[in-house]
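Colleague: can you look at this prediction? I've put the sequence above it.
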Amino acid sequence: MEFTVTVSSTLGTDGKKVKISDIIGKSTTIAGNYDENSFSLKKGEASVELTKETNLKFGTDSTTGKPCFEISDLAALEAGESYTLTYHYKLNDADTWPVGEIGNTASAIYEGKKDPVPASWSKRYSGSLIEKSGNYDTVNRKMRWRIKINNVGPSDLNGYTVKDTLKYTGATIVGGTDGIKVKYGGSGDNWDSINKMVSSKGTVTITKNEAGQETGFTYTFPAGSTEKYYLIEYYTTVPDDIQDNELLKNDAEIDKDDKKQDGTTGSGKVVRQGWAAVKSKVDRDLKNGATDNQKIARWNATAKSPESASSITLCDRFFDPVNSSGQTPSGAEDTHYALLGELDRDLKNGIRVFRVGDTYTQGLTMDQAKNRGIETEIIYYSSVDQTEANEVDNTTENKDAKIRSFKITVKEGGVILATSYARSV
């Protein structure tokens, strides 16, 4: 680990010599010692010679038993001048990722000054260099796996290799080596929205067993991999014999020079899409309509169907408003409606169909769905009773007809149907 200590003075040290001290923190559990040959000191841009046992002395603190050093007899600082000291703290076990805490306190003082000026630093290493998680993507019907590397030092991960192992046979990595994406980020980043792809991707190799089945992959970091966090993301197919709600597991480890640094097991449950319907109001408050006594409400509606279904129908009804007693006030009957022309426009602009394998991550519009052979149909009704007698033809002449309910049918299973629209009260 490399440390940098800067000693500066705004007003100068009044011609008095300077001393720099350092001690490894009492709570440090990651054993190590100063690399005595790594010390470099500069005054401004000029190098300052350090000689062990003369102006640079190493020792062990008598109270804590921790390593310490002292640099003395340094020339006085003028106003605005500074010393910059760099040195290395070498871990006793430098071949494995550190686990525990490390800290130290540097201090500076000049002759005649009573109390030194201290500066402390510490960091805790959890040891979780690598994490892994998985989840089932109900739209694409694939397992998404994520491997997170916590390079909290940070260090250059050049030469570190991530080994990923699929623990269920028959799966393939979607997209092969190109399907393995590597992102980087900082603390608190949302990996679902972040799109910081590494500029130089490392070496990716797909591993296979003797039967030619894919068993995982390896990824080796290139030089300059010094970001604090990396995310390796990829998708795998789900074999047909995997049951619904079955928990799938994958192993991942990170090695350096063929020596394991850390390892973990990630898991994700295959939860295939079932029947579901959700409706929500876009805005909390009603909006003013075209007339003084008219209010407008905007709504979102989403419906899902399982993969085994052949179609899905979303039904929506505009019931009469009720008061706090649950009763419809006198005169409020048939006042909750939408005009056919406006509703038809909203629905056709707002409908999105999400299905397996589509590159349209924002969903298919009705026209896009039609071009892909997905038939959609909207039927409007003048009543909440959706009978054939209450159907309203979608014509220009009927654009001002009051619609009390509708239904949308998508003639394909395993899809998500979403839409938004407005209606009047």
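Modeller: Great, that's in hand.
Colleague: check which helix or strand covers residue 3.
Modeller: strand 2-8 (DSSP states H and E).
Colleague: can you tell me the SS state at the closest residue to residue 251 other than its chain neighbours?
Modeller: Take residue 251 and drop its neighbours on the chain: the residue closest to it by Cβ to Cβ, 6 or more residues apart in numbering is residue 165, 4.3 Å away. Every C-beta, even on glycine, is put in place using the N, C-alpha and C of the backbone. Per DSSP: H, G, I helix; E, B strand; the rest coil, the local secondary structure of residue 165 is strand.
Colleague: longest helix of this structure?
Modeller: helix 340-350 (DSSP state H).
Colleague: for that one, packing partners?
Modeller: Here helix 340-350 touches strand 376-381, strand 402-403, strand 405-410, strand 416-424, going by 3 or more Cβ pairs under 8 Å, 6 or more residues apart in numbering; DSSP states H and E.
Colleague: closest to residue 113 out of the ones you listed?
Modeller: strand 416-424 (69.9 Å; Cβ to Cβ).
Colleague: quick one: average pLDDT of the closest one?
Modeller: Strand 416-424 comes out with an average pLDDT of 75.
Colleague: now do the longest helix of the chain and strand 405-410, the angle between them.
Modeller: Relative orientation of helix 340-350 and strand 405-410, computed by axes from the mean of the first three to the mean of the last three Cα atoms, to 10 degrees: 30 degrees.
Colleague: got the CA coordinates for helix 340-350 in CSV?
Modeller: Taking Å, rounded to 0.1, in the frame of the first residue of the first chain, the C-alpha atoms of helix 340-350 are listed here in CSV:
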residue,chain,number,x,y,z
LEU,A,340,-64.0,7.7,-27.7
GLY,A,341,-61.7,9.8,-29.9
GLU,A,342,-59.5,10.9,-27.1
LEU,A,343,-59.4,7.5,-25.4
ASP,A,344,-58.5,5.7,-28.7
ARG,A,345,-55.7,8.2,-29.3
ASP,A,346,-54.3,7.8,-25.8
LEU,A,347,-54.5,4.0,-25.9
LYS,A,348,-52.9,3.6,-29.3
ASN,A,349,-50.1,6.0,-28.4
GLY,A,350,-49.6,4.5,-25.0
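Colleague: what's the neighbour count on residue 258?
Modeller: Here the count is done by other Cβ atoms under 10 Å, and residue 258 has 6 residues near it.
Colleague: and what of the one 10 residues further on?
Modeller: When neighbours are counted by other Cβ under 10 Å, residue 268 registers 21.
Colleague: low-confidence ranges, the stretch 1-150 of the chain, go.
Modeller: Residues of the stretch 1-150 of the chain meeting the criterion pLDDT under 70: 95, 126-127.
Colleague: hmm, back to that, what residues of the longest helix of the chain count as buried?
Modeller: The neighbour-count check on helix 340-350 (16 or more other Cβ atoms under 10 Å) flags 340-344, 346-347, 350 as buried.
Colleague: let me see the mean pLDDT of it.
Modeller: pLDDT averaged over helix 340-350 gives 90.
Colleague: check the offset of it from the chain's centre.
Modeller: 36 Å (Cα atoms, centre = their mean, to the nearest Å).
Colleague: quick check: which element contains residue 134?
Modeller: Using DSSP H and E, residue 134 falls in strand 130-137.
Colleague: ok, and for that strand, which residues are buried?
Modeller: By neighbour count on 16+ other Cβ under 10 Å, the buried set for strand 130-137 is 130, 132, 134, 136.
Colleague: go on, stretch 396-412?
Modeller: Neighbour counts over stretch 396-412 (16+ other Cβ under 10 Å) mark 398, 401-406, 408, 410, 412 as buried.
Colleague: how about stretch 319-327?
Modeller: For stretch 319-327, by 16+ other Cβ under 10 Å, it's residue 320.
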